[in-house]
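# The sequence and its predicted three-dimensional model are supplied below.
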Amino acid sequence: MVHFAVWLDGVILKIDLTDHLYKVYKGERTMSLPITYEVYEDWHTLYEQVKDKLAVLSPYDSVTTDELLKRINVSPLYVVSNTGKTKPSKEPFEILFKITEWDPLDVVMIGSSPLDLLSARFFDSRIKVVCVNRYYDCSKYSPFIMSNDLLSALGSLKRLKIFI
């Protein structure tokens, strides 16, 4: 069975935190991360098909993440919030795989920025990385699948018989 790990920012929510998170990664002090409750239109279709095998990865703390998920009506099986280190870091994936006991070969990670892809690769290169080109072109980071929206990514996964 394939499982899905989806980043909250940039895939579900219409927000790009790449510059903010990169500054945090470099050690710069920043204000709290901006939030939005605006959801991409294609998310709802994907969510209906994967909700029983979904983990959401979030760069926000657990309180903010829980509030965001509640407001946008998303109830994943697992939620991994920022506990101190977020992308680009392997920590979110270490936590995810510890609580789920999933096999990396059976996981599709969907992200929208190079930081998303790097986080998965830092943990285990066997994770199938899907990049949705929302704000950045991820092609130079060699994703498993790259698409312009979630529906075409889902179609590619189905054609490859990864998700049926």
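Perfect, thanks for sending it.

# Relative to Cys138, how far out is Ser89?
According to Cβ to Cβ, to the nearest Å, Ser89 stands 18 Å off from Cys138. Quick note: C-beta positions are derived from backbone N, CA and C, even for glycine.

# Of those two, which one has the most company?
Cys138 (21 against 18; other Cβ atoms under 10 Å).

# ok, that one to Thr83 distance?
Cys138 is 25 Å from Thr83, where distance means Cβ to Cβ.

# What strand or helix carries Lys75?
Not quite, residue 75 is Ser, not Lys. Using DSSP states H and E, Ser75 sits within no helix or strand.

# no wait, Val50
helix 41-50.

# Just list what that helix packs against, helices and strands only.
helix 150-159 (3 or more Cβ pairs under 8 Å, 6 or more residues apart in numbering; DSSP states H and E).

# Give me the phi and psi angles of the residue lying closest to Leu117 once chain neighbours are set aside.
Leaving aside its sequence neighbours, Leu117 sits nearest to Tyr141 (Cβ to Cβ, 6 or more residues apart in numbering; 4.5 Å). Taking degrees, to the nearest 10, you get phi -100, psi 10 for the backbone angles of Tyr141.
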